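Peer 1: Could you look at this predicted model? Sequence included:
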Amino acid sequence: MPTSFIPKQAPNDAVALLLDVDPVGLVRNRRGSSGEGYALAQYVNDRPYVASSFLSVALAKAFGTALSGRSKERQELVEKPMNLDAKVAALPCRGGEPFLRRLFEPLGYEVTATSHALDLQFPEWGASPYFSVRLQAKVCLRDLLTHLYVLIPVLDDEKHYWVGDEEVDKLLRHGEGWLASHPDRELIAKRYLRHQRSLVREALSRLVDEDNPDPDQVEETHAEEEAEVERRISLNEQRLGAVIAALKSGAVERVLDLGCGEGKLLRLLLEDRTFREIVGMDVSYRALEIAKERLHLDRLPAKQRERIHLIHGSLTYRDKRLAGFDAAAVVEVIEHLDPPRLAAFERVLFDCARPANAILTTPNIEYNTKFESLPAGKFRHKDHRFEWTRPEFQSWANEVAERHGYSVRFIGVGPIDPAVGSPTQMGIFKLK
Ligand code: SAH
């Protein structure tokens, strides 16, 4: 399972790490392995072929001083960000590409992921959780190594060794400087600590203590933690996580949430201080009232309160208040517009507001056959005026981008089905 780091300026300087895991040795060295899976699974499994916690151990062994930020001869290079390019040949991503992006994009990486089928001979078995992943960023080598060290086992959601108290210290040590402000710190801690609730609680409270001494905030975070760590990643969370990741990778500070509804995305934006100014707009006054209530806007400290504004307005009318933002998120809104109003929406967003980045999500109707409770031919929500296939959304978005000088790329959010794709489709527009 080769993993390589290649400095971009000098592509000849590449380091490759090849890890050879002995599957028989794995079984021999295992304590109390009885009863886990079927007997043969101890010998026949993916461990020798994929990046996992074994790779983290190998990284620590092979690059121990780099990982800890020490250099005998060239200490000045340790703090120097470099254009680095890391490739992981087979990375198990439980949670799919959106989760992979959610982990690395907020840390500033450009992520390229190639998905692999479970078995080329049986395409009907669908996609595997394995991806070939490339990560590019201008970072210090130590940071790249620590991100890989922590996040590989998180993506794999598995560890080959017993996880105890000292693992919390390890997580906090390697997470120093980035984990506390990562939008997915709860999930990272939960998976890293193998879902052991007491350890996760300890790690999160220590992270919060270090990051944020405000006692009210700590209290609130603790109350939420319990619910948070218990919750599986719902489609809605994956979608919002993917939107946040796309915003973070665009270096966005001033952001619009258009059709913000009851404020689920606004809450995440508020939690992250990189978003300096947040404006939520909706045509429904009632939705705005609920958002105001849920976000406790009346009770926020003045500094927080200044960051967010809710405005009442419609996306089908030109509105000067929307101009001059770094990004606009339009999450699950376009399908609520009458098709003849789409042209007006297009002008309002791409011509009048004209943010540097725009992130649009909408249901992928092809996936509806996978929802057992949804009768054939029905939309997911009674207020939806239409739902699009992937080609329909992409051709509309490509034309819009072309007309207004944007580039656009598409990603699916949620579980990927080889035939019908993911339940949500996302278009990420960038002003050229
Ligand atoms: N973005 C939110 C809400 C999605 S529901 C979320 O992901 O949770 C769609 C929202 O779009 C509703 O709140 C609805 O009131 C709003 N909406 C519908 N037509 C609109 C228009 N013309 N202008 C602004 N908002 C609109």
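Peer 2: Received, thanks.
Peer 1: Okay, Arg385 and Tyr367: tell me how far apart.
Peer 2: 18 Å (Cβ to Cβ, to the nearest Å). Every residue, glycine included, has its C-beta placed from N, CA and C.
Peer 1: same check, this time on Ala113
Peer 2: Counting by Cβ to Cβ - Ala113 and Tyr367 are separated by 20 Å.
Peer 1: Can you pick out the residue with more neighbours from these two?
Peer 2: A direct count of neighbours by other Cβ atoms under 10 Å for Ala113 and Tyr367 places Tyr367 higher, at 25 against 19.
Peer 1: Got the phi and psi for that one?
Peer 2: phi -80, psi -10 (degrees, to the nearest 10).
Peer 1: The chain should start at 78 in everything you say after this.
Peer 2: Okay, residue one is now 78; in that scheme the one you just asked about reads as Tyr444.
Peer 1: Can you tell me, leaving aside adjacent residues, what's nearest to it?
Peer 2: Pro500 (4.4 Å; Cβ to Cβ, 6 or more residues apart in numbering).
Peer 1: Kindly report the same for Gly489.
Peer 2: Ser499 (3.0 Å).
Peer 1: okay but the one you found is in contact with Lys447, surely?
Peer 2: No - with contact defined as Cβ atoms under 8 Å, Ser499 and Lys447 do not form a contacting pair (10.0 Å).
Peer 1: so what are the domain limits for this protein?
Peer 2: 80-238, 293-508 (automatic domain parsing).
Peer 1: CSV please, covering the ones you listed and showing distance to the ligand and mean pLDDT.
Peer 2: Shown next, in CSV, are the domains of the chain (distance: least, Cβ to the nearest ligand atom, whole Å; pLDDT from 0 to 100):
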stretch, distance to the ligand, mean pLDDT
domain 80-238, 15, 83
domain 293-508, 3, 88
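Peer 1: Can you show me the strands along the stretch 378-509 of the chain?
Peer 2: 385-389, 404-408, 434-440, 483-490, 501-508 (DSSP state E, counting those that start in this stretch).
Peer 1: swap that for the stretch 78-227 of the chain, sorry
Peer 2: Going by DSSP E, counting those that start in this stretch, the stretch 78-227 of the chain shows strands at 79-84, 92-95, 159-169, 187-194, 204-216.
Peer 1: which helices and strands does the third one pack with?
Peer 2: For strand 159-169, the elements it packs on are strand 79-84, strand 204-216, helix 218-233, judged by 3 or more Cβ pairs under 8 Å, 6 or more residues apart in numbering; DSSP states H and E.
Peer 1: need those in a markdown table with distance to Asp97, can you?
Peer 2: Putting the helices and strands packed on strand 159-169 into a markdown table (distance: least, Cβ to Cβ, whole Å) gives the following:
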| stretch | distance to Asp97 |
| --- | --- |
| strand 79-84 | 11 |
| strand 204-216 | 18 |
| helix 218-233 | 17 |
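Peer 1: Comparing the ones you listed, which comes out most buried?
Peer 2: With neighbours defined as mean count of other Cβ atoms under 10 Å, these peak in mean count at helix 218-233, which reaches a mean of 23.
Peer 1: Can you spell out which helices and strands pack onto the next helix or strand after that helix?
Peer 2: With elements assigned by DSSP states H and E, the helix or strand that comes after helix 218-233 is helix 242-251. For helix 242-251, the packing partners by 3+ Cβ pairs under 8 Å, 6+ apart come out as helix 218-233, helix 262-269, helix 274-288.
Peer 1: And these: which comes nearest His389?
Peer 2: helix 262-269 (32.9 Å; Cβ to Cβ).
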